[in-house]
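1. coordinates for the following, if possible.
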Amino acid sequence: MDYSEKWGTDVDTAVKLALDDLGLTIDEVDVKVLEEPSRGFFGIGSKLAKVRVEKKQPVKVEEKKQEVPVQKEAPKAAISEKSEKTDRTEKPVRTERQQKAQTSRESENRTASPKRNNNNRRDRNNRNNKPRRDRRDREVKEFQEPIEPVIARVPDEELTVCENHIALDFLAEVTEQMGLSLDVTAKEGGDALYIDIQGKDSGTIIGKRGQTLDAIQYLTSLVVNKDQEKYTRVVVDAENYRAKREKTLEMLAIRLANKVVKTRRSVKLEPMNPYERKVIHATLQNHPYVTTKSEGQDPYRRVIIELK
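-> Okay, the predicted model is just below:
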C-alpha cells in the first residue's frame with residue numbers, strides 16, 4: 001500500500017497513525033491535509049483532522065531510445081521481377097489426377113470446418129461464461145440477503161406520541177442556542193424513546209457522518225435518564241438518517257468483504273462509533289469466507305475484515 005488516509009484529533013496525531021500504518025518515516029512520505037480539525041460549539045459538531053500520507057515515488061531515469069536503422073526500400077521494378085521469377089521457379093507442376101484430388105479435399109474441408117469451428121466456439125464460451133455467471137449469482141445473493149436492523153425498533157402502532165417531555169424541552173433549547181429552525185417530535189413505547197427531527201437545518205444537526213446527531217443523542221439520553229431508576233433507551237433521528245446510514249454501511253461491508261476474498265488481504269476501516277461498528281459485524285457475521293474484529297481505543301477504534 002503506497003498511501004494511507006487517517007483521522008485524528010489534530011494533524012500530527014493523524015500523520016502518526018498513517019506512518020504507523022505504512023511503516024515509514026516522515027522523510028519517506030508526502031503529507032497532504034484533507035480536512036482541518038474544528039472544536040465546534042461546546043463540543044457539538046467538532047471535526048477531526050484528516051490527512052493523506054503517500055509514499056514518495058522514486059525518480060525515474062529516462063533511457064535513451066535506441067535508433068533502429070531504417071532499411072531502404074528496393075525499387076518496385078526489382079521486387080516485381082524477383083517475385084515473378086520466384087513464382088515461375090517455385091510452383092510445382094501437377095498432373096490432372098492430383099488437381100482433382102486436391103479440389104475434392106478442399107471442398108470437404110470447407111463443408112466440415114464451419115461445424116467444427118462453431119462447436120469449438122460454443123464449448124469455449126460455455127467454459128468461460130459458467131464461472132462468471134456463478135460469481136454474479138453469488139454476489140447478487142449476498143446483496144439481496146435480508147439483514148435485520150441492528151437496533152430493534154418498537155412497531156409504530158405500539159408507540160404513543162409525547163407532547164410534553166423533558167427531552168423535547170432540552171432539544172428545543174439546544175437548537176435555539178445553535179440558531180437552527182427545526183421541528184422536533186417524540187414517541188415512546190416500552191423502554192425506548194424515539195425522537196424525530198425535521199426541518200431545513202436538519203443537515204446541520206446531523207453533521208459529518210452523523211457525529212453531531214450522535215452527540216445530541218448522547219446528551220439527550222443523559223438528560224432523560226438523570227435520577228431515574230429505570231433506564232430509557234433514547235434514539236434521536238433526523239430525516240431518516242439512521243436507516244440510510246445503516247444501509248450504506250451494510251453495502252460497504254459486503255463490498256469490502258468481496259475485496260478481501262478476491263485479494264486475500266485484510267482491510268482496515270476508518271474509525272467508527274460503537275453503533276456503526278456493530279452494523280459491520282452484524283452484516284458479515286454469517287459470511288462464509290471472512291470474519292471481523294475490532295482494534296484500538298475509542299474514538300479511534302476500527303473494524304478489520306479478514307479471511308477466516
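2. show me the contacts for the residue nearest to I305 when sequence neighbours are not counted.
-> In this structure, I305 finds its nearest non-sequential neighbour in V267, 4.8 Å apart by C-beta to C-beta, 6 or more residues apart in numbering. C-beta: built from backbone N, CA, C; applies to glycine. By C-beta atoms under 8 Å, 6 or more residues apart in numbering, V267 lies in contact with 256, 259-260, 304-306.
3. can you tell me which of the residues you listed has the most neighbours?
-> Ranked by the number of neighbours (other C-beta atoms under 10 Å), the contacts of V267 place I305 first, at 22 neighbours.
4. what pairs with the host helix or strand of that residue, and is each one parallel or antiparallel?
-> Taking DSSP states H and E as the criterion, I305 maps to strand 302-307. Partner strands and pairing direction for strand 302-307 (DSSP bridges) are strand 267-268 (antiparallel), strand 290-295 (antiparallel).
5. in TSV: those strands, plus mean pLDDT.
-> Formatted as TSV, the strands paired with strand 302-307 follow (pLDDT from 0 to 100):
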stretch	mean pLDDT
strand 267-268	94
strand 290-295	94
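6. how about the ones you listed, which one is nearest W7?
-> strand 267-268 (12.3 Å; C-beta to C-beta).
7. shaky segments in the stretch 51-200 of the chain?
-> The model of the stretch 51-200 of the chain has pLDDT under 70 over residues 59-153.
8. redo that, cut-off 80
-> 57-157 (pLDDT under 80).
9. can you tell which of the strands paired with strand 302-307 is closest to Q211?
-> strand 290-295 (18.8 Å).
10. mind checking how far R233 is from P274?
-> Per C-beta to C-beta, to the nearest Å, R233 is found 14 Å from P274.
11. the more surrounded of those two?
-> R233 (14 against 10).
12. need the contact list for the more buried one.
-> 191-193, 221.
13. in PyMOL, how would I select just the buried ones from the residues you listed?
-> The PyMOL selection below is limited to those of the contacts of R233 classed as buried (16 or more other C-beta atoms under 10 Å):
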select buried, resi 192+193+221
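14. in a markdown table, list the contacts of R233 along with distance to T291 and secondary structure.
-> Output for these, formatted as a markdown table (distance: C-beta to C-beta, whole Å; DSSP: H, G, I helix; E, B strand; the rest coil):
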| residue | distance to T291 | secondary structure |
| --- | --- | --- |
| D191 | 32 | coil |
| A192 | 31 | strand |
| L193 | 35 | strand |
| S221 | 32 | helix |
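15. of the contacts of R233, just say which sits nearest to G8.
-> Looking across those and measuring by C-beta to C-beta, the closest to G8 is S221, at 26.8 Å.
16. from V174, how far off is the residue nearest to I305?
-> Distance from V267 to V174, by C-beta to C-beta: 37 Å.
17. thank you, goodbye.
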